[in-house]
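Participant: what's the 3D shape of this:
(chains A, B and C)
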Amino acid sequence: MMSHLVIMPLLLPLLTGILLLLLRGSATELQRLINLAATLGLVAVALLLLIQTGEGQVEVYRLGNWSAPFGIVLAADRLAAVMVLVTGLLATGVLLHGRRVGSYFHVLFQMQLFGLNGAFLTGDLFNLFVFFEVLLIASYGLLLLGGGRNRTRAGLHYVVLNLVGSTLFLFAVGSLYGVLGTLNMADMAVRLAELPESDLGVVRTAGLLLFAVFALKAALAPLHLWLPGAYGYTSAPVAAMFAIMTKVGAYSILRVYSLLFGPDSGPAAGLLDPWLIPLALLTVAAGTLGMLACRRLSQQAAYLVVVSAGTLLTAFGLGGIDAVAAGIYYLAHTTFAAAALFLLADVISRARGEHADRLVTGPDLPRGQLLAGVFLLIAIAVSGLPPLSGFIGKWLILQSSIGNPWMPWVLAVLLITSLLGVMGLARSGSQLFFDTDGWAEAGPATRLSDLAAPLVLVLLGIVLVVYAGPLYEFSRAAATQLMQPSAYVEAVLQTAEAGRIR
Amino acid sequence: MTIPLIVLIPFLGAALVAWAGHHGRLRSAFAAAGTTLGALLLLIPSIGEVMQGATLLWQFDWLAAAGLTLSFRLDGLGLLFSLMILVIGLLVILYARYYLSPNDPMGRFYAYLLLFQGSMLGVVLSENIIQLVIFWELTSISSFMLISYWHHRDDAREGARMALAITGAGGLAMLAGFILLGEIAGSYELSVILQSGDTILNHPWYVPTLVLILLGVFTKSAQFPFHFWLPHAMAAPTPVSAYLHSATMVKAGVFLLARLFPALSGSFEWTLLVGGAGLLTLLLGAYTALFKHDLKGLLAYSTISHLGLITLLFGIGTPLAAVAGVFHIMNHATFKASLFMAAGIIDHEAGSRDMRKLNGLWKYMPYTAVLAMVAAAAMAGVPLLNGFLSKEMFFAKTVNISTEGMIPWLPMFATLAGAFAVAYSLRFIHDVFFNGEPIDLPKTPHEPPRWMKVPVEVLVVICLAVGIAPAWTFGPLLATAAAATLQTDLPEYSLSIWHGVNPALIMSMVALAAGGLIYALRRPLFRWHDLTIGRIDARTFYQWLEQALFRGAEWLNDVLQRATLQRMVLVLVLASGTLAFFGLWGFGPLGGEVQLTPLDPISLLAGVILCIAALGTVLLHRQRLLALLLLSVVGLIVALSFVKFSAPDLALTQLSVEVVTIVLLLLALYFLPARTPVESSAGRRGRDLLVATAAGLGASALTWAVLTRPYESIAGFFLENSVPGGGGTNVVNVILVDFRGFDTLGEITVLAIAAIGIFALLEGLRLTAPETDSSGRRWSWDLHPVVMASFSRLLLPLALLVAIFVLLRGHNLPGGGFIAGLITAIALITQYLANGIAWTGSRMSARLNPMIGIGLLIATATGLASWVFGYPFLTSTFTYLHWPLVGKFEVASAMLFDLGVYLVVVGVTLVILLQLGHLHDVNRPHSTAGSPEEDA
Amino acid sequence: MEALIAIVIGTLTACGVYLSLRGRTFPVVLGLTLLSYAVNLFLFVMGRLTIGQPPIIRDGASYADPLPQALVLTAIVISFGMTAFVVILSLRARAEMGNDHVDGKESE
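Facilitator: A predicted model of the protein is given here:
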């Protein structure tokens, strides 16, 4: 009798979503409360999961009591637990941002969580596809809430592009099945180990097509062009929630390639080596370019998400326990920081009235000092300046690049771009808060409660700093577990306990 | 534990001060002073120990796994700097209380000041160099806040941004340098690094490491060519200039030179880079200072030049030079801080800092004048003042060097710099306090309030005391600090005023005389300067640079990253194509060697038709209706191919999906232009054609590659266990509802969410249908043909019966939830096509979410039921009932699951189509067109 | 037969790609539909080509690989949902942007 804990992160949002769907038409406040409660529940579940996987065992859940590779299994290791927890915390922070973005928000929000957690926990490649679709369709709905010309255009682009992406995904899964004859990732890993040379080409192609799909999700250049529009024009809470979306792509890359194409996985090993780091560094550069160019704070935040995606994938590309651990730490940091920036941009743009968050001379803000202070905090975190989590994450990544042939490039690109990032944010800050014009019309004064959401997310970042030691230790443990997939494979491929209900 | 507290207190104090600021200006001042005093008191007890040469360490494992510990170190050097920071800090706080005008928010000022103080203490007391970087960057940030304190002034904002950019850049380079250094030395702890000088010097990474670290040093200490930010930082309130930009922060760079002296110095590169930068800065600063008409400008460049002097001393690299460097750090801090404060007083009381206006202040503020003159004399290096001593040491060093034959002309340059120092000091004294009458000052100058002078007095007294009796004043502190710097026992040196007549003395005298001469010749010099070098202005240059950066970025971004859908899709296709190519190419033959299935004419024919239809869709895609019909042909043949290759379920599903999709597209077409205009140029179409063909070839190649290879799949298991395990003979269905039921759950969730999303999309959507069809005929609004209507109504119950039958048999024969659902949906849609939305709508609520929700709920609940029996989610069960009429009848929990699927499918399909139908109803041509709202 | 299938899939893909590179929403939707046909077919034949052996358990028969069939079924339904969504979205886009260009730029 196995514990049902592993599937809770999926069932909780799904059931909540259904409940909210059936509650359509009832007061939105009620829906919001249910939503928040369920999300807090998710955090609790995630913590339990973290504790249970903390010792290093892989928790496997066999759906329908069919053992892998025949049935679908969920598998929770340290990394998966971390991802679920980060998602839960992010969602909680976002929900504190009390701004109604249109009906159906809450249903779609929970469904999005269902998709995300499914993608993090599933051990089956086709099932991963299904959950990608779940979280995508939910994200389509969320992104488009509220409408408006720019938002709709960005949404259209996002949807069409991802539909092509899904097609690629199916091509990849299909050809993998066509050669390996299985869908369970652990089983695939086993079969890949004794892959005949003759089939190598097909497997490599499938693997690289998958990479294209994940790269699209992770906004890896040159497949990042959709992101600034989508994140920059959607509503703030949605953009903030999307801070985790690019991470799904990064996570999938890490999971699939550590399992299937890792260092000791037969002839197809090291499939991504020639691609990942250069493209990741390119992404960082492209994002920085955009954030220097754009004239709206939320747009700038969107480009900063691109930068962080590039940084994260640089870490994963460097490989090795240190780099991956650094990446995992940075992943948590950047998720919270980016979300905080999106939410703050929303608060600021409301305070600035018709000037919104455009980087032009605007009014003196009521509570300007407070806003400026919060902005400074978040800017420091996002741009990776000390003493906040951004610095630690970035430093860990830089340090882990030592000895790698790419080291000079990694150092140069990451450091120069962070300087440019600082300059860009400094300009925005001094434009928004310093270079003001007394006559301009300000918006309604900011209420302290408006700042709750960004501040909570900043607080999470500070926790990352204070407990950097143990958290980094855990990231290292998670990375180590990834680097030795054999335990994962064994755990997944154990046969189910005998006997079925009759 | 006290050392970290010393650092921590100012940070806590900052919060306290900010809070106190809301309850009266003076409270914040007192709070700030109190905080600083507290830190100082904490420091005092350990002074004795350190003077004995002890090094106090405190450590806490913060991120030890990665080498980042929270560790502090108090030795002579750290002590010297901490004392400077705290003592001068105290004086500055006192001074600022009188300097700031009533409408400057004092709480904020002191909060920032304390933030800086804490960061600076952190820098000088850090044992771990990564931690040092953290505090280092914090000083940059707090300095940014302080410079932009008067943030409505453009020069303040720009000066702040410039300082942040330059020093921030240096800090990042330094971080890289420290990471390398830590790797070389095997630790980030100074106590290890300072011991491993030889390892470092002989390491292949030594030069890059050194350069990166020096970038940090030079930017922070305003060394050429990074010096230009400092004069523009003078936009800050004068107390800030006195504190950060003369006494402490700009000393962080030279502090680092001293700190890492044992680890990095002693190589040719060190002497070249550090010495060279120092010398250039020394001369450049001394020269430029003379020509600045702004008091603070003069002081700023003099600061630059003195920093150059210190850097040069460390660059020379001998222990004695280092000692002199440390000594000059102390002296410069004292006289320069007092000079800035004096300048501030003058500015405050006379309302101007322009030396062309400020003249003859002697008779208005004689007392201040005296103080200023003494300090200025110290700056000039006049005997009996501290400036003289260290400068003479410096001269002596330059002579030693040249006699050792290393850099023969060094003494000359040193003297030249000395001469200019004398000249600008003379100018400071003569132009301001004598030289005729003040020229239209905003207010008549007068002495400042009593306590505003006190800080200046204290510092000037120190200058004198040190100048007269160095050994009894700075002597011991210098000894400890120098020892800590060198990490070895001290060389011989004497701190006395009189060393007899020696080259150094002569150089000093020459400098004094030459300085006088230069000042006498100032007018022609000024004219010449203004015509030539005076034109160069760092600010305009930096402005241009910043503009260029942002404008350039905008332009480049528009070129490279304009997000048009066509471009993005193209990139995606090309990217995946490239990847696939590199995956397949050069890895064995494309085809495998299983023997192929024979080709029969009917399949060939079907294939050909399919291809033609597909190509037709492309060729005719401008006539949308036609293209749509051709598309449906394609779908049809795909369905047939499913039949052919033994997949009845697929065929049924494909067919029904096909119908619904086509209906949907037809409805949509009603709202879209009937024709597609020729959009893209021939060239682009050609390119797209090429890309598309390549993609097609790729897909074919991949298909071929797989189909011609053998594989053994896990399918056998499903075939064996379908009946005994899943209780159904239709294996596909059993997989869908049992083996891989979780996929199905996810998939119906997708459907449900799609429906929700569509609801959201259609909210408040207004569309107008065309008045006429594409060829201009009036649109007809005839009633729906009666025959079809009545016929379809008869059809409905039959269709529903079929649907239920298909649903129930699904587990064993082709059918199941989807197909049944879609059949039902189609049956209902025909109603709606035949009878119109009004008739149908009155019989079916358009809001079918309950149906969808309940469907999802049933499916999920079925899964949950297995928990009751202690089995995992979605574990199925089945049994056989014997019903009187039906006989042996199988009931499987999976069927309940399938019912859920059925409900969702019906619900979703109807929702989508009926919603669209509603649009038709409400959007008859005469109905108003919607205006899309714009969002910023 | 394998060759024929390969060609068919290739053609469908090519046509799909070309149409999804067009500038108006409707052809793009057509293109996406064609692409989904292509990939469904591809996924389906990954179970290889077997004629007249539907995976419905009868005694003493051999069967086609049922798994790809199940996968394709899922894929079909998902792509149905997606198509429906994108169709409605294109209507919304037309309303918001005043025309049916994918970037909302009016070329008439």
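Participant: from here on, contacts and neighbour counts on C-alpha atoms
Facilitator: Fine.
Participant: point out where the stretch 351-500 of chain A drops to low pLDDT.
Facilitator: Applying pLDDT under 70 to the stretch 351-500 of chain A picks out residues A:495-500.
Participant: what's the neighbour count on the residue of it found nearest chain B?
Facilitator: Using Cα to the nearest Cα, the single residue of the stretch 351-500 of chain A nearest to chain B is A:Gly469, 4.2 Å away. When counting by other Cα atoms under 10 Å in any protein chain shown, one arrives at 19 neighbours for A:Gly469.
Participant: same question, B:Ser101
Facilitator: 11.
Participant: would it count as being in a helix?
Facilitator: No - B:Ser101 is assigned coil when assessed by DSSP: H, G, I helix; E, B strand; the rest coil, not a helix.
Participant: can you pull the pLDDT of it?
Facilitator: According to the prediction, B:Ser101 has pLDDT 88.
Participant: related to what we said a few turns ago, check contacts around the closest residue to the residue of the stretch 351-500 of chain A closest to chain B other than its chain neighbours.
Facilitator: Computed as Cα to Cα, 6 or more residues apart in numbering or on different chains, the closest residue to A:Gly469 that is not its neighbour in sequence is B:Leu63, at 4.2 Å. Shown in contact with B:Leu63 (Cα atoms under 8 Å, 6 or more residues apart in numbering or on different chains): A:468-470, A:472, B:69.
Participant: quick one on the thing from earlier: pretty sure the residue of the stretch 351-500 of chain A closest to chain B sits against B:Gly67.
Facilitator: No - in this structure, A:Gly469 is not within contact of B:Gly67 by Cα atoms under 8 Å, at 10.2 Å.
Participant: could you give the number of residues near residue 18?
Facilitator: I went with chain A, as the question did not name one. Using other Cα under 10 Å as the criterion, A:Ile18 is surrounded by 25 other residues.
Participant: the chain in question should be chain C.
Facilitator: Residue crowding around C:Tyr18 was assessed by other Cα under 10 Å; the count is 26.
Participant: measure it to B:Leu672 for me?
Facilitator: Using Cα to Cα, to the nearest Å, one gets 20 Å for the distance from C:Tyr18 to B:Leu672.
Participant: please apply the same query to C:Val17.
Facilitator: 22 Å.
Participant: of these two, which one has the most company?
Facilitator: C:Val17 (28 against 23).
Participant: please, which helix or strand holds that one?
Facilitator: Element membership for C:Val17, per DSSP states H and E: helix C:2-20.
Participant: count the neighbours of B:Trp528 for me.
Facilitator: Other residues near B:Trp528 come to 12 when the count uses other Cα under 10 Å.
Participant: again but with A:Val374, I slipped
Facilitator: Counted with other Cα under 10 Å, residues neighbouring A:Val374 total 19.
Participant: so what's it closest to, chain neighbours aside?
Facilitator: The shortest distance from A:Val374 to any residue that is not its chain neighbour, by Cα to Cα, 6+ apart, is 7.6 Å, and that residue is A:Leu455.
Participant: surely the one you found touches A:Ala340?
Facilitator: Yes - with contact defined as Cα under 8 Å, A:Leu455 and A:Ala340 form a contacting pair (7.4 Å).
Participant: of those two, which one has the most company?
Facilitator: Set side by side, A:Leu455 and A:Ala340 show more neighbours around A:Ala340, with 34 against 19, by other Cα under 10 Å.
Participant: mind listing what residue 46 touches?
Facilitator: Using chain A. Applying Cα under 8 Å, 6+ apart, we find A:Ala46 in contact with A:9, A:81-82, A:84-85, A:88.
Participant: looking at chain C here, not the other one
Facilitator: Residues counted as contacts of C:Met46 (Cα under 8 Å, 6+ apart) are A:174-175, A:177-178, B:706-707, C:68.
Participant: now do C:Ala38
Facilitator: Contact partners of C:Ala38, counting by Cα under 8 Å, 6+ apart, are C:9-10, C:12-13.
Participant: name the SS class of it, please.
Facilitator: For C:Ala38, the secondary-structure state derived from three-state DSSP is helix.
Participant: and the residue lying closest to C:Asp65 once chain neighbours are set aside, how far is that from A:Gly181?
Facilitator: Distance criterion Cα to Cα, 6+ apart; nearest residue to C:Asp65, sequence neighbours excluded, is C:Gly47 at 5.4 Å. Plainly put, C:Gly47 is 9 Å away from A:Gly181 if you go by Cα to Cα.
Participant: likewise A:Thr288?
Facilitator: Separation of A:Thr288 from A:Gly181 (Cα to Cα): 43 Å.
Participant: of these two, who's got more company?
Facilitator: Taking neighbours as other Cα under 10 Å, A:Thr288 and A:Gly181 compare with A:Thr288 leading, 27 against 22.
Participant: shouldn't the more buried one be in contact with A:Ser308?
Facilitator: No - A:Thr288 is not in contact with A:Ser308 according to Cα under 8 Å; the separation is 9.8 Å.
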